[in-house]
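Asks: here is a sequence together with a model predicted from it:
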Amino acid sequence: MRSKGFDGMVCSIAGVMAAIGDRWGLLILRDLIFGISRYDELRQSSGVTNATLSDRLKHLEAHGLIERRRYQVNPERFEYLLTPHGWQLAPIMVMLSQIGDRLGLSGASAPPLKFVNRKTGADVRWSFIDQNTGELLSGEDIAFEEGPGADDLVRWRLSHTNRRYEGDTTTLLEGDSVSETKTQ
C-alpha cells in the first residue's frame, strides 16, 4: 500500500522531502554536489538502475533542483547540474554525513569524508548559531515557535513540543486529535 504524498501539508521538511523524492534522489544530489554530472557516472557511483535513475533525474528537474544540459550533439548526451535551489541542499548533505559518522553508520571504520574550508583547509562542521549573540547552540537549545504560515496542525504539533520541553509529563488523553485541538 502506497502512502499518500505531502500535498497540502504545511511543513517545510515535507516540502523538501517531496522535492528530493526518496533515498535515490538524495544520493543523486550527493553525487551532483561532488561534481559527478553525467548519467553513466551517476549510475556507477550509486549502483542505481537505469529506470530508477532516469525517473529520479526527471523528478529532481521537475522540482527545480537540477537542470539538464547537453554537452554532446552526436550522439546527443546530457549532464545534470545543480540549480541554485539544489545547491541549498548541500548543508543537509554535510549534516547527514557528519551525523552518520558520529553514529557509526558510514560502513567504514572511520569517517569516509572530511569537510574543509576550500580557502583555508580548516575542518568544517555544521552547527546552530544564535544570530544575535553568535553563541554556538546544541540541538537541545533550540525551541520551536509558530511561524507566520502556521496552520492548525502546526499549532497542534507545537502544543506537544511545548509540553515536552516545559517539563509537563502528562500524556494526552486518548482521542486527543488535531480536530479537537482546532476547536479549543
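Replies: That came through fine.
Asks: CA atoms of the strand or helix carrying Gly15 as CSV?
Replies: Assigned by DSSP states H and E, Gly15 falls within helix 12-20. In CSV, the C-alpha atoms belonging to helix 12-20 read as follows (Å, rounded to 0.1, in the frame of the first residue of the first chain):
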residue,chain,number,x,y,z
SER,A,12,8.9,22.8,5.1
ILE,A,13,10.5,19.5,5.8
ALA,A,14,7.8,17.6,4.0
GLY,A,15,8.2,20.0,1.1
VAL,A,16,11.9,19.4,0.8
MET,A,17,11.4,15.6,1.1
ALA,A,18,8.8,15.8,-1.7
ALA,A,19,11.2,17.7,-3.9
ILE,A,20,14.0,15.2,-3.2
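Asks: burial of Trp24, as a residue count?
Replies: 19 (other CB atoms under 10 Å). Just so you know, the C-beta spots here come from the backbone N, C-alpha and C atoms, and that holds for glycine as well.
Asks: contacts only, for the residue nearest to it when sequence neighbours are not counted.
Replies: Once flanking residues are discounted, Trp24 sits nearest to Arg56: 4.9 Å by CB to CB, 6 or more residues apart in numbering. Contact analysis of Arg56 by CB atoms under 8 Å, 6 or more residues apart in numbering lists Gly21, Asp22, Trp24, Gly25, Ile28, Val48.
Asks: any idea how far Gly147 lies from Trp156?
Replies: Note on Gly147: its distance to Trp156, by CB to CB, to the nearest Å, is 14 Å.
Asks: quick one: which of those two has more around it?
Replies: Neighbours per residue, other CB under 10 Å: of Gly147 and Trp156, the larger number sits with Trp156, 19 against 10.
Asks: and the gap between that one and Val10?
Replies: 11 Å.
Asks: again, but for Ile99
Replies: From Ile99 to Val10 the distance is 26 Å (CB to CB).
Asks: give me the more crowded residue out of the two.
Replies: The residue with more neighbours, out of Ile99 and Val10, is Val10; 14 against 11, by other CB under 10 Å.
Asks: isn't the more buried one up against Asp152?
Replies: No. Val10 is not in contact with Asp152 according to CB atoms under 8 Å; the separation is 9.0 Å.
Asks: go through the helix or strand hosting the residue nearest to Trp24 and flag the buried ones.
Replies: Assessed by DSSP H and E, Arg56 sits inside helix 50-62. Judged by neighbour count (16 or more other CB atoms under 10 Å), helix 50-62 contains these buried residues: Leu53, Asp55, Arg56, Leu57, His59, Leu60.
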